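Engineer: Structure for this input, please:
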Amino acid sequence: MTQTYYRPIPDPHGGRWPIAGGWARFSRLELLARGAAPRIVDGAPDDVIAALTAPRPPLAGLSMDRPRLMGIVNVTPDSFSDGGRHDTAPAAVAHGLALARAGADMLDIGGESTRPGAAEVPVAEEIARVAPVIEGLRGAVISVDTRKADVARAGVAAGAGLVNDVSGLDFDPAMAAEVARSGAAICLMHAKGLPENMQDDPRYDDVLLDVYDSLADRIARATAAGIGRDRIVVDPGIGFGKTQAHNLAILRRISIYHGLGVPVLLGLSRKRFIGTIGGAEAPDARDPGTLALTLAAVAQGIQVHRVHDVAGARQGLALWQAVFDEETGTQE
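Structural biologist: Numbers count the residues shown, from 1 in each chain. Predicted coordinates:
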């Protein structure tokens, strides 16, 4: 039997059901299946509606009833956007504090670049990069951006409440058990291949649905290892083993991932395809395009947004919310 997928279609004027208990609402759905044209329907099975509408539990202590900003702190010499700018602990801590003042709800501390073509960093070096920064930012809600269980252990011990694994448990076999033991939350991202080779002609049968199935499998693996669903967030992995066409296909219908029943995180800040479409060569010139895509995803109910330019994103969200409240009568 052909598997079907239901995507809630956000209605800017309100709707019958809330998306994930949040600010966006819907009354109709898009019914998707492999090899078939999309169809618009007015309802879905009860379990589907329940998964799409149930309020999401707090993530690392943050409620998911409004859009949240995750500020990026790269403690690396080679990250694509800001490599080398914050690659000492004092500089990274100062940058993290500045992002918090600008309105970041969470800080994502990473010691290994996962840009296309990046090489793996030894565990001891990665720990030496991130642990002092996490300790220096205690008091903030902190995520440690790592694929490695030993780094995750050190990050949580230093004060991180979330492990952001861009491999979605595929890189280190010990990661799931370590996160389960630690009590931390985890972000399971979809990636195809490793940073060294992920952009070498990635192919999918149907990128939107292939990523959905892969994320569902990762959630199942995490829960089987003892990580509660209330500690899981997923990320479709924009730019990780995906072409520009793949990225846009996911973004057009990103609300489908609410069907997984957990919060959704989006990390697209300053990605190359934004510059290609928007005519911005330098990564930090891609912030306007980043904001445009962020707001489009907010309109589809996406809860967490990983960004470099926190101040710009916060301003854009404030203006979007002002218009949204007037249009829908929502009071927040």
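
Engineer: in the stretch 51-200 of the chain, which segments are predicted with low confidence?
Structural biologist: By pLDDT under 70, the low-scoring segments of the stretch 51-200 of the chain are 78-86, 117, 194-200.

Engineer: where along it do the helices fall?
Structural biologist: 89-102, 123-136, 149-158, 175-182 (DSSP state H, counting those that start in this stretch).

Engineer: For the second one, which helices and strands make contact with it?
Structural biologist: Right, the one you point to is helix 123-136. Here helix 123-136 touches helix 89-102, strand 106-110, strand 142-145, helix 149-158, going by 3 or more CB pairs under 8 Å, 6 or more residues apart in numbering; DSSP states H and E. In short, each C-beta sits where N, CA and C put it, glycine included.

Engineer: what do you get if the cut-off is 10 Å, keeping everything else the same?
Structural biologist: strand 68-74, helix 89-102, strand 106-110, strand 142-145, helix 149-158 (3 or more CB pairs under 10 Å, 6 or more residues apart in numbering; DSSP states H and E).

Engineer: So which bits of the second one are buried?
Structural biologist: Just to be clear, that refers to helix 89-102. A89, A92, V93, H95, G96, L97, L99, A100, A102 (16 or more other CB atoms under 10 Å).

Engineer: Contact partners for the fifth one?
Structural biologist: Under the criterion of CB atoms under 10 Å, 6 or more residues apart in numbering, the contact partners of G96 comprise 71-73, 75, 86, 104, 107-109, 133-134, 136-137, 140, 142.

Engineer: Then A124?
Structural biologist: Applying CB under 10 Å, 6+ apart, the residues contacting A124 are D150, V151, A154.

Engineer: which residue packs closest to the second one, ignoring adjacent ones?
Structural biologist: Among residues not flanking V151 along the chain, E126 sits closest, at 5.0 Å (CB to CB, 6 or more residues apart in numbering).

Engineer: May I ask you to confirm that that neighbour is in contact with A154?
Structural biologist: Yes. Counting by CB atoms under 10 Å, E126 does reach A154; the two are 8.7 Å apart.

Engineer: of those two, who's got more company?
Structural biologist: Taking neighbours as other CB atoms under 10 Å, E126 and A154 compare with E126 leading, 25 against 21.

Engineer: distance of the more buried one from R218?
Structural biologist: 22 Å (CB to CB, to the nearest Å).

Engineer: Minimum distance to I274: which of the helices and strands packed on helix 123-136 has it?
Structural biologist: Go through those one by one with CB to CB and the one that ends up closest to I274 is strand 68-74, at 14.8 Å.

Engineer: Helix 89-102 and that closest one, what's the angle between them?
Structural biologist: 160 degrees (axes from the mean of the first three to the mean of the last three CA atoms, to 10 degrees).

Engineer: then strand 68-74 to PDB, C-alphas only?
Structural biologist: Written as PDB, here are the backbone C-alpha positions of strand 68-74 (Å, rounded to 0.1, in the frame of the first residue of the first chain):
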ATOM      1  CA  ARG A  68      12.800  30.700  19.000                       C
ATOM      2  CA  LEU A  69      16.200  32.000  17.800                       C
ATOM      3  CA  MET A  70      19.300  29.900  18.200                       C
ATOM      4  CA  GLY A  71      22.400  32.100  17.900                       C
ATOM      5  CA  ILE A  72      25.500  30.500  16.200                       C
ATOM      6  CA  VAL A  73      28.800  30.600  18.000                       C
ATOM      7  CA  ASN A  74      31.500  28.900  15.800                       C
END
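
Engineer: For S214, which residues are in contact?
Structural biologist: By CB under 10 Å, 6+ apart, S214 lies in contact with G168, D170, L188, M189, H190, A191, K192, Y204, V234, P236, G237.

Engineer: on that earlier part again, with distance to I227 as added columns, please give the helices and strands packed on helix 123-136 in JSON lines.
Structural biologist: Output for those, formatted as JSON lines (distance: least, CB to CB, whole Å):
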{"stretch": "strand 68-74", "distance to I227": "20"}
{"stretch": "helix 89-102", "distance to I227": "26"}
{"stretch": "strand 106-110", "distance to I227": "19"}
{"stretch": "strand 142-145", "distance to I227": "15"}
{"stretch": "helix 149-158", "distance to I227": "12"}
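
Engineer: circling back to that earlier point, between E126 and A154, what contacts are shared?
Structural biologist: V144, T146, K148.

Engineer: pretty sure the last one contacts N164?
Structural biologist: Looking back up the chat, that one is K148. No. Using CB under 10 Å as the test, K148 is too far from N164 to be in contact (11.9 Å).

Engineer: Now the common contact residues for the two.
Structural biologist: In contact with both K148 and N164: G155, using CB under 10 Å, 6+ apart.

Engineer: In three-state terms, label the residue sitting nearest the centre point of the chain for me.
Structural biologist: The C-alpha lying nearest the average C-alpha coordinate of the chain belongs to L265 (CA atoms, centre = their mean; 2.4 Å). State at L265, reduced to three classes by DSSP: H, G, I helix; E, B strand; the rest coil: strand.
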